[in-house]
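Trainee: With the sequence up front, the predicted model follows.
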Amino acid sequence: MIEIRDLKKIYRVGDVDVHALRGVDLSVERGEFVSVIGPSGSGKSTLFHILGGLTPPTSGSVHINGRDILGMSEAQRTELRKTTVGFVFQKYNLLPTLTAAGNIAIARDIAGRSQEPDPQFDEMLKELGIEGRLQHKPRALSGGEQQRVAIARALVNHPAILLADEPTGNLDTENSIAVLNLLQDLNVHHGQTILMITHNPDAAAYGRRSVHMRDGRIVD
Amino acid sequence: MGIGVAVTMILTLVGVSHGMLEDVAARSRGTGADIMVRPPGSSIIGFSGSNMPEKVVAIVRQTPHVTLATGSFMQSIGNLESIAGIHPDEFNAMSGGFRYLSGGPFGAKNDVVVDEVYARSKGVQVGDTVDLGLPWRVTGIVEPGKLSRMFAPIEYLQDQYSSLGKVSVIWVKVDDPAHIQAAIDSLTQELTGYQIYSMDAYISLISVNNIPLLKRFIAVIIGLAVIVGFMFVFLSMYTAVLERTREIGILKALGASPGYILNILIREAIVLAVAGTIAGILMTYGTRSLMGVFVPTMTTIIVYEWWPYAAMIALVGSLVGALYPGLKAAHQDAIEALSYD
């Protein structure tokens, strides 16, 4: 599903080259739940951005479902985000002017699937426990509810990979556990491939496998 | 709000321009005349400044079909206002007479009669002395709508402004409206070079398009309104895009293409333009009411024909204003956008 070989990313900050990734190798099979754990500055967010097609790599190869991100144009990476990857962010990143239902609907609209009925997703909404909160705007939802709406939005187009960047970083312990259990259920019961970035070992333990990053490399 | 203000500015200025001219036309119609005679080389607006010998009135009276003719001497007193020097009996016979709201006709030579609009705007009452270049005593306040807002005895006015025996315009009434053209033809033969109009023809000439200076003035004002409106829309859209940088980043992360984002911004600009136009039209009614209270002599009307033009100006301004920040936003880097607070 994901094959990463000798992935490097160099940012230019002023006159200085910042080596964010220094040769990452990683394989993720379909249906895996992999936690990427590491301290700040270890390069895990850069890895997340490259896998999500938000930024291009400098060198190496990243194959997702057999397609190499390295040679992709901006339009192709936009297509990747639309069809293959779902994002869950630490800050939820819901659109504040739309209701929870609107936030989910706009993701379907962007993918051009707004008219299609989706019983499988409707079932998933029940599991997420936000059925009764769909007509509320984000400001009327708790952090846990907002993150569950964000997960629903990420899954509405049935992406091959769910990328979660510190999904419990803004939540209290109770809500963190609820969200992590939810991700685990999605993986176990729906076979959703998940790559979760975290600096919290307890959260990382919910994954089936953990990889550690430091200084732009995977160390174990 | 800014689009509304720009639309209000355009519609109010157009309304004032048209209203002032319509007021002049209505007051000219209020004289009751069928034909007017102006001196050679005179302007179609502003009766003061160009005069002709009063003896021309006698020539006019002898013209076939003419039943009444009276001369008026118009003296400008600044601010687009004029005092009309009239022969009260002749003028009343022509116009049907003044309807006095208070006081009565002038008796002494420095008496003046003013209309209700002027009295209200200046806070003048019967018995007050007003300074209109000369001190005048107000003897009566009349209903508006007949030639001028101020009336004085013609001989005294002519004398005070060194124009004894001169009139600015001759008002003519004919025996039958069907004979107006015949009377004009006779007068044209008799009075070579004089400007002779039927009242219908004269009123049709009083329009923005027939007054080049006013046409240019309105073009400049509308141009300024368009620039101000455009700048406002541009800056509001630019600010809106900046404030929504994070939202645009979210849309990009969800796979929205630049076209999708641009589409949203353009649709918002259209909604903004439509709402601004509606608000602007409503506010125009407000400005008309306010001007009626605070500047009653400046007649403002609602010019419905200009609503589509104002709407188009708002729409084009909004769309062009949205295009630059829209394109910038649509091509923004998603990671930078997502980290924007």
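Mentor: Good, I have the coordinates.

Trainee: Closest to the centroid, which residue in chain A?
Mentor: Geometric centre of chain A, nearest residue: residue A:163, 1.7 Å, by Cα atoms, centre = their mean.

Trainee: Go ahead and confirm it touches residue A:90.
Mentor: No: shown here, residue A:163 and residue A:90 do not form a contact pair, counting by Cβ atoms under 8 Å, at 11.9 Å. No exception for glycine: its C-beta is placed from N, CA and C like everyone else's.

Trainee: pretty sure the residue nearest to the centre of chain A is in a strand, no?
Mentor: Yes: remark: residue A:163 belongs to a strand, assigned using DSSP: H, G, I helix; E, B strand; the rest coil.

Trainee: the bottom helix or strand of chain B by mean pLDDT?
Mentor: Per-element confidence for chain B was summarised using mean pLDDT, DSSP states H and E. The lowest value among helices and strands belongs to helix B:212-243, with a mean of 74.

Trainee: Which residues belonging to that helix are considered buried?
Mentor: Using 16 or more other Cβ atoms under 10 Å in any protein chain shown as the test for burial, helix B:212-243 gives B:214, B:218, B:221-222, B:225-226, B:228-230, B:232-234, B:236-238, B:240-241.

Trainee: now do stretch B:308-326
Mentor: Along stretch B:308-326, these residues count as buried under the neighbour rule (16+ other Cβ under 10 Å): B:310-311, B:313-315, B:317-319, B:321-323, B:325-326.

Trainee: in the chain, which spans are helices?
Mentor: This is for chain A. Chain-ordered helices for chain A, with DSSP state H as the definition, fall at A:44-51, A:74-83, A:100-110, A:119-128, A:143-155, A:173-190, A:201-204.

Trainee: actually it's chain B I care about, not the one you picked
Mentor: Applying DSSP H to chain B gives helices spanning B:2-29, B:55-61, B:88-95, B:116-122, B:154-160, B:180-190, B:199-205, B:212-243, B:245-253, B:258-294, B:306-330, B:334-338.

Trainee: Those helices: lowest mean pLDDT?
Mentor: Per-segment confidence across those bottoms out at helix B:212-243, which has a mean of 74 in mean pLDDT.

Trainee: Now chain A against chain B: closest residue?
Mentor: In chain A, the residue found nearest to chain B is residue A:82; the distance is 2.7 Å by Cβ to the nearest Cβ.

Trainee: Please tell me how far that residue sits from residue A:124.
Mentor: When distance is defined by Cβ to Cβ, to the nearest Å, residue A:82 is 19 Å away from residue A:124.

Trainee: residues contacting residue B:328?
Mentor: Residue B:328 sits next to residue B:241 when contact means Cβ atoms under 8 Å, 6 or more residues apart in numbering or on different chains.

Trainee: make it 10 Å
Mentor: Taking Cβ atoms under 10 Å, 6 or more residues apart in numbering or on different chains, we find residue B:328 in contact with B:238, B:241-242, B:248.

Trainee: Pull up the residues of chain B that are close to chain A.
Mentor: Chain B has residues B:244, B:246-247, B:249-258, B:260-261, B:264, B:331, B:333-339, B:341 near chain A, with proximity defined as Cβ under 10 Å from any Cβ of the partner chain.

Trainee: Make a ChimeraX selection of the buried ones in these.
Mentor: Selecting only the buried entries of the residues of chain B next to chain A in ChimeraX, with 16+ other Cβ under 10 Å as the criterion:
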select /B:244,246,247,249,250,251,252,253,254,255,256,257,258,260,261,264,334,335,337,338
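
Trainee: tell me the domain boundaries of chain B?
Mentor: Chain B resolves into domains spanning B:2-10+B:212-338, B:40-193 when parsed by automatic domain parsing.

Trainee: possible to save the ones you listed as JSON lines with distance to residue B:203?
Mentor: As requested, the domains of chain B are exported to JSON lines (distance: least, Cβ to Cβ, whole Å):
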{"stretch": "domain B:2-10+B:212-338", "distance to residue B:203": "15"}
{"stretch": "domain B:40-193", "distance to residue B:203": "10"}
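
Trainee: Burial check on residue 132, number of neighbours?
Mentor: Let's take chain A. Here the neighbour count serves as a burial measure; for residue A:132 (other Cβ atoms under 10 Å in any protein chain shown) it reads 8.

Trainee: Hmm, no, I was thinking of chain B.
Mentor: Close neighbours of residue B:132, defined as other Cβ under 10 Å, add up to 17.

Trainee: Same check on residue A:9?
Mentor: Residues near residue A:9, counting by other Cβ under 10 Å: 22.

Trainee: leaving aside the residues next to it on the chain, what's closest to it?
Mentor: Leaving aside its sequence neighbours, residue A:9 sits nearest to residue A:21 (Cβ to Cβ, 6 or more residues apart in numbering or on different chains; 4.2 Å).

Trainee: For the helix or strand of chain A with the lowest mean pLDDT, list the C-alpha coordinates in PDB.
Mentor: Of all helical and strand segments in chain A, the minimum by mean pLDDT, DSSP H and E falls on helix A:119-128, at a mean of 81. What follows is the C-alpha trace of helix A:119-128 in PDB, where atoms were taken according to Å, rounded to 0.1, in the frame of the first residue of the first chain:
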ATOM      1  CA  PRO A 119     -25.300   3.400   3.500                       C
ATOM      2  CA  GLN A 120     -21.900   2.200   4.500                       C
ATOM      3  CA  PHE A 121     -20.900   5.700   5.600                       C
ATOM      4  CA  ASP A 122     -24.300   6.200   7.300                       C
ATOM      5  CA  GLU A 123     -23.500   3.100   9.400                       C
ATOM      6  CA  MET A 124     -20.100   4.500  10.200                       C
ATOM      7  CA  LEU A 125     -21.700   7.800  11.400                       C
ATOM      8  CA  LYS A 126     -23.700   5.700  14.000                       C
ATOM      9  CA  GLU A 127     -20.500   4.100  15.200                       C
ATOM     10  CA  LEU A 128     -18.900   7.600  15.500                       C
END
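
Trainee: Great, nothing more from me.
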